[in-house]
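**Student:** just a sequence and a predicted model for now, questions to come.
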Amino acid sequence: MASGQLLRQLIRSGAEGNLEAFKKASEEVIREEREKHHYLLASDLEKILYGRTSVSSQPLVSLVKSVPSDKERGLPLLHIREPLRRMEDLVLSDDNRSLLEEVLQEHHRQEVLKTHGLAPADRLLFCGPPGCGKTLTAEVLASELGLPLAIVRIDSVVSSYLGETAANLRQVLDFVASVPMVALFDEFDALAKERADAADHGELKRVVNAFLQLLDAYHGRSLLVAATNHETILDAAVWRRFDEILLFEPPNLEQLKKLLACKLRGLRREFDVESNDVIKLFKGMSHADVERVLRRSAKEMVLSGQEFLNERHLQSAIRREDARRHRMQRG
Ligand SMILES: Nc1ncnc2c1ncn2[C@@H]1O[C@H](COP(=O)(O)OP(=O)(O)O)[C@@H](O)[C@H]1O
Ligand SMILES: [Mg+2]
């Protein structure tokens, strides 16, 4: 809880209608709470203080209408959507959580940074295997900042016409520079599919480098997020261009417990999500795998007319998931 002196300042400034002093005292409270690692409270207070919808003024519909498209084929280059999921829907490592909190804070308080000639982090790189939350984290960033989420459609951006891919990329960057949003370049290394010899790493690097040059030149209002499953192809020249790098990994035991609690919220069950026997069942799975198993087991519970989820439902869903994976590997 904030100190007595700070509370006095806060209430006095509020009662006197001194907005400037009120804001300053509130910011001090938020800083104190964050220092005490009360991250959820701090970010809630921040939202109350700065508001969530103040940043984006353009309605989503008109934004969607102004999305640029590929000249030759007329395909839209971005997909705009309203982000729905929030911080509490996301399970992260401690490192990633604090990086994310920092980025959010820099954006919430960008005016203060600006007065000191500083800009918030606006180029992020997300690396890691599929299903560990790269796309979801971009969505959560957008919802926490009250901004639309724009997913760049790499398959539309990539054109077989010479020079068209670069022109498309430029269109995308111009568009996201003009209106604040969170722009996700998902699997941006897939840009290299431009040529038949994409398997060649030299080619991959060339296209990725072209993209990075555009990123370098970017000075816009949106937060740019590039995501990749292939961080090994990215060299040092790539890494240093991003303000922050988040590494995503399958959940460890602690994160698995949180993930189960989060995904089973509101579902009646016979087991404890903290139980090691239950947790062990999910070892080695990605977050998305875990979610699929839970969805399968919930369906099984409902269809068999039961009201409580139990370990047998989980085990049978895992067996069926394994069978599915084997079929996919053979196919
Ligand atoms: N870290 C996570 N916390 C909570 N749910 C997750 C997490 N990672 C993945 N999921 C679930 O799996 C789905 C797919 O994950 P996604 O974010 O698309 O993974 P990626 O982009 O890394 O391949 C998400 O929509 C979410 O429901
Ligand atoms: Mg993804």
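**Tutor:** Sure thing, it's come through. Numbering: from 1, shown residues only. Ligands and ions are numbered 1, 2, ... in the order given.
**Student:** and the closest residue to residue 241 other than its chain neighbours, what is it in contact with?
**Tutor:** Spatial nearest neighbour of residue 241, chain neighbours left out: residue 212 (5.5 Å); criterion: Cβ to Cβ, 6 or more residues apart in numbering. Every residue, glycine included, has its C-beta placed from N, CA and C. Contacts for residue 212 (Cβ atoms under 8 Å, 6 or more residues apart in numbering) come out as 237, 238, 241.
**Student:** hmm, the second one is touching residue 208, no?
**Tutor:** Yes - with contact taken as Cβ atoms under 8 Å, residue 238 and residue 208 are classed as touching, separated by 6.9 Å.
**Student:** for the stretch 101-250 of the chain, what lies in contact range of ligand 1?
**Tutor:** The stretch 101-250 of the chain has residues 130, 131, 132, 133, 134, 135, 136, 248 near ligand 1, with proximity defined as Cβ under 6 Å from any ligand atom.
**Student:** and if we set it to 5 Å?
**Tutor:** By the criterion of Cβ under 5 Å from any ligand atom, the positions of the stretch 101-250 of the chain lying close to ligand 1 are 130, 131, 132, 133, 134, 135, 136.
**Student:** residue 303: neighbour count?
**Tutor:** 8 (other Cβ atoms under 10 Å).
**Student:** let me know the pLDDT of it.
**Tutor:** Note for residue 303: predicted pLDDT of 94.
**Student:** the nearest residue to residue 272 once chain neighbours are set aside: which element?
**Tutor:** Spatial nearest neighbour of residue 272, chain neighbours left out: residue 278 (7.2 Å); criterion: Cβ to Cβ, 6+ apart. Using DSSP states H and E, residue 278 sits within helix 276-281.
**Student:** got the contacts of residue 212 as CSV, with secondary structure and pLDDT columns?
**Tutor:** Below are the contacts of residue 212 laid out as CSV (DSSP: H, G, I helix; E, B strand; the rest coil; pLDDT from 0 to 100):
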residue, secondary structure, pLDDT
237, helix, 71
238, helix, 73
241, coil, 85
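**Student:** closest to ligand 2 among these?
**Tutor:** Nearest to ligand 2 out of these is residue 238 (Cβ to the ion; 18.7 Å).
**Student:** how about the closest one, nearest residue that isn't a chain neighbour?
**Tutor:** Counting by Cβ to Cβ, 6+ apart, the residue nearest residue 238 is residue 212, at 6.2 Å.
**Student:** check residue 277 too.
**Tutor:** Nearest residue to residue 277, sequence neighbours excluded (Cβ to Cβ, 6+ apart): residue 311, at 7.4 Å.
**Student:** which phi and psi does that neighbour have?
**Tutor:** phi -60, psi -30 (degrees, to the nearest 10).
**Student:** how close does it sit to ligand 2?
**Tutor:** Distance of residue 311 to ligand 2, given as Cβ to the ion, to the nearest Å: 30 Å.
**Student:** for that residue, which residues are in contact?
**Tutor:** Applying Cβ under 8 Å, 6+ apart, the residues near residue 311 are 270, 271, 277, 278, 281.
**Student:** let me have the residues you listed in TSV, adding neighbour count as columns.
**Tutor:** Converted to TSV, the contacts of residue 311 look like this (neighbours: other Cβ atoms under 10 Å):
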residue	neighbour count
270	12
271	16
277	9
278	18
281	17
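**Student:** now do the residue in the chain positioned nearest to ligand 2, the pLDDT please.
**Tutor:** Taking Cβ to the ion, ligand 2 has its nearest neighbour within the chain at residue 135, 3.4 Å off. Residue 135 carries a pLDDT value of 96.
**Student:** with adjacent residues omitted, what lies nearest to it?
**Tutor:** Nearest residue to residue 135, sequence neighbours excluded (Cβ to Cβ, 6+ apart): residue 186, at 6.1 Å.
**Student:** can you report phi and psi for the one you found?
**Tutor:** Note on residue 186: its backbone torsions stand at phi -80, psi 140 [degrees, to the nearest 10].
**Student:** and the closest residue to residue 221 other than its chain neighbours, how many residues sit next to it?
**Tutor:** Leaving aside its chain neighbours, residue 221 sits nearest to residue 180 (4.2 Å; criterion: Cβ to Cβ, 6+ apart). Residues lying near residue 180 (other Cβ under 10 Å) number 20.
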